[in-house]
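1. The sequence and its predicted three-dimensional model are supplied below.
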Amino acid sequence: MPAIVSIVGRSESGKTTLIEKLIPVLTQRGYRIGTIKHTHHAIDIDRSGKDSARHRTAGAETVMLASPGRIAMFKATASEALDGLIRYFDDLDLLITEGYKRENKPKIEVLRAAVGTELLCRHGCRGHRTPVPPCPRARSGCHRCEPGRPRAGLPTKRSCVHR
């Protein structure tokens, strides 16, 4: 099982940007990373009429597309709960999720003054809350966690106990 950390925050707070900046820093330190983006919107990226959609329409519960170097899996599920998805990441060291603010997992909450500074996880949220202030000079609310300048305190693979 990989270690898990959820990046949470309001829409447009910079969650995706922070994740984009963290991944290269952590992979350079030897971590194998996976991500899950949680959404409340219905998703359907399997286009009607395509073979994979036809398989699903015919009754397949799981459909996988496989090509050289990449796979995509479509799986019908009754729940998007994080604990039910972790098993798909067993071969990795760290799973970073975007969202899942109500799950009982460690969290980093991204704050950006332009979209609100009240903590989402102040009440009823188990796990850790770590407000990450945006870089004061960044126009987009981007967080100062660049591949060439990793944040102090990010673990190295040798120092991380994740199993």
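-> Perfect, I can see it now. Numbers count the residues shown, from 1 in each chain.
2. Please count neighbours and contacts with C-alpha atoms only from this point.
-> Will do.
3. got the CA positions of stretch 105-114 in PDB?
-> Listed in PDB are the C-alpha atoms of stretch 105-114, where the atom choice follows Å, rounded to 0.1, in the frame of the first residue of the first chain:
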ATOM      1  CA  LYS A 105      -6.100  10.700   5.300                       C
ATOM      2  CA  PRO A 106      -3.300  13.200   5.800                       C
ATOM      3  CA  LYS A 107      -4.000  16.500   4.000                       C
ATOM      4  CA  ILE A 108      -2.300  19.600   2.800                       C
ATOM      5  CA  GLU A 109      -4.900  22.400   2.400                       C
ATOM      6  CA  VAL A 110      -4.000  25.000  -0.200                       C
ATOM      7  CA  LEU A 111      -5.100  28.500   0.500                       C
ATOM      8  CA  ARG A 112      -5.200  31.400  -1.900                       C
ATOM      9  CA  ALA A 113      -6.500  34.800  -0.700                       C
ATOM     10  CA  ALA A 114      -8.300  35.500  -4.000                       C
END
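4. Toward the C-terminus, what is the element adjacent to the helix or strand hosting Thr17?
-> When elements are assigned from DSSP states H and E, Thr17 belongs to helix 15-28. Heading C-terminal from helix 15-28, the first helix or strand you meet, by DSSP H and E, is strand 33-37.
5. next structured bit after that following strand?
-> Taking DSSP H and E as the definition, the helix or strand that follows strand 33-37 towards the C-terminus is helix 51-58.
6. So what touches the helix or strand just after that following helix?
-> Proceeding N to C from helix 51-58, the next assigned helix or strand is strand 62-67, under DSSP H and E. Applying C-alpha atoms under 8 Å, 6 or more residues apart in numbering, the external contacts of strand 62-67 come out as Ser52, His55, Arg56, Ile71, Ala72, Met73, Phe74, Lys75, Ala76.
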